[in-house]
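Undergrad: Turn this into a structure:
(2 chains)
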Number of protein chains: 2
Amino acid sequence: MKNASRRNFLITAAALTAGAAASAMPLVTMKANETAKYPVVHHVFFWLKNPSSTEDREKLIAGVKTLSKIETVRALRVGVVASTEKREVVDNSWAVSELIFFSDLEGQATYQTHPIHLEFIKNCSHLWEKVIVYDAVDV
Amino acid sequence: MKNASRRNFLITAAALTAGAAASAMPLVTMKANETAKYPVVHHVFFWLKNPSSTEDREKLIAGVKTLSKIETVRALRVGVVASTEKREVVDNSWAVSELIFFSDLEGQATYQTHPIHLEFIKNCSHLWEKVIVYDAVDV
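TA: Numbers count the residues shown, from 1 in each chain, chains lettered A, B, ... in the order given. A predicted model of the protein is given here:
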């Protein structure tokens, strides 16, 4: 048995041991080309009106984090620019990123009009100057 | 015990049952604001030279998938444009996306110069016209 197969076997064994509840747990084996449980990827990049304001950045980060309460948001990761090598193809001009995973397009649609999302826009949209959204689906 | 706590408890129980091997498995509980295991997010968007060529798109997808063999690539998801609502802020002009998670910036640096990555560039760079890279780190 190869290492990867063995690992998957152990994960399955662990899930079986934990019983029925485990089958509903948000377990994602992230490596390689396996089909992800949450195949709809919504990545938003925000540019601040006041890029030098740490306070504005923190407010926006806190605002984005409230979105995890929306039931169709299966995973939420909030990011800032990583200090990787500066290269021409790397856009590091943004301030805050919001990476959300959904189970399906319906989940994404529910999120768009959800009161928590609308509240976030109401409270935080004055902070940003520009937004770019990328909506991807796993292949 | 709240549902979420109970679920985490069950995950832990499952991991303990599976023993030492399980502690190394790439298990990620994705919901909410938990600290992710792989906090460095590398999202690349490719625009094809021949956007209407399904063959070119498939070649690029296959090429991107080879990157999962790089040992510091903790997770790889390859995407195409999702059919979400057309809105001004949504950029749906790209063709293929590559979403990679690393444990740390060193892992990202290793990936950049890895032979498998260089081979991918050699074999596939003729397919794309434009690339944008976003490197984020979780907060």
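
Undergrad: so who does A:Glu106 touch?
TA: Applying Cβ atoms under 8 Å, 6 or more residues apart in numbering or on different chains to A:Glu106 gives the contacts A:Thr72. For the C-beta atoms, the positions are set from N, CA and C on the backbone; glycine is no exception.

Undergrad: any idea how far it is from B:Thr72?
TA: From A:Glu106 across to B:Thr72, the span is 35 Å (Cβ to Cβ, to the nearest Å).

Undergrad: now do A:Cys124
TA: Applying Cβ to Cβ, the value for A:Cys124 to B:Thr72 is 34 Å.

Undergrad: Can you read off the pLDDT for the closest residue to A:Leu48 other than its chain neighbours?
TA: In this structure, A:Leu48 finds its nearest non-sequential neighbour in A:Ala95, 4.5 Å apart by Cβ to Cβ, 6 or more residues apart in numbering or on different chains. Per-residue pLDDT puts A:Ala95 at 98.

Undergrad: hang on, A:Ala95 packs against A:Val80?
TA: Yes - contact criterion Cβ atoms under 8 Å: A:Ala95 and A:Val80 qualify, at 7.0 Å.

Undergrad: nearest residue to A:Arg77 other than its sequence neighbours?
TA: Sequence neighbours aside, A:Leu99 is the residue nearest to A:Arg77 in space, at 4.4 Å (criterion: Cβ to Cβ, 6+ apart).

Undergrad: Can you pull the phi/psi pair for the one you found?
TA: Per-residue torsions, A:Leu99: phi -110, psi 110 (degrees, to the nearest 10).

Undergrad: Strands of chain A, start to end?
TA: With strands called from DSSP state E, chain A shows them at A:27-29, A:40-48, A:75-81, A:96-102, A:128-138.

Undergrad: Partner strands of the fourth one and their direction?
TA: The strands beside strand A:96-102 in its sheet (DSSP bridges) come out as strand A:40-48 (antiparallel), strand A:75-81 (antiparallel).

Undergrad: gap between the longest one and the chain center?
TA: From the chain centre to the centre of strand A:40-48 is a distance of 9 Å (Cα atoms, centre = their mean, to the nearest Å).

Undergrad: before we move on, back to that, the strands paired with strand A:96-102 into JSON lines, with extra columns for mean neighbour count?
TA: Shown next, in JSON lines, are the strands paired with strand A:96-102 (neighbours: other Cβ atoms under 10 Å in any protein chain shown):
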{"stretch": "strand A:40-48", "mean neighbour count": "21"}
{"stretch": "strand A:75-81", "mean neighbour count": "21"}
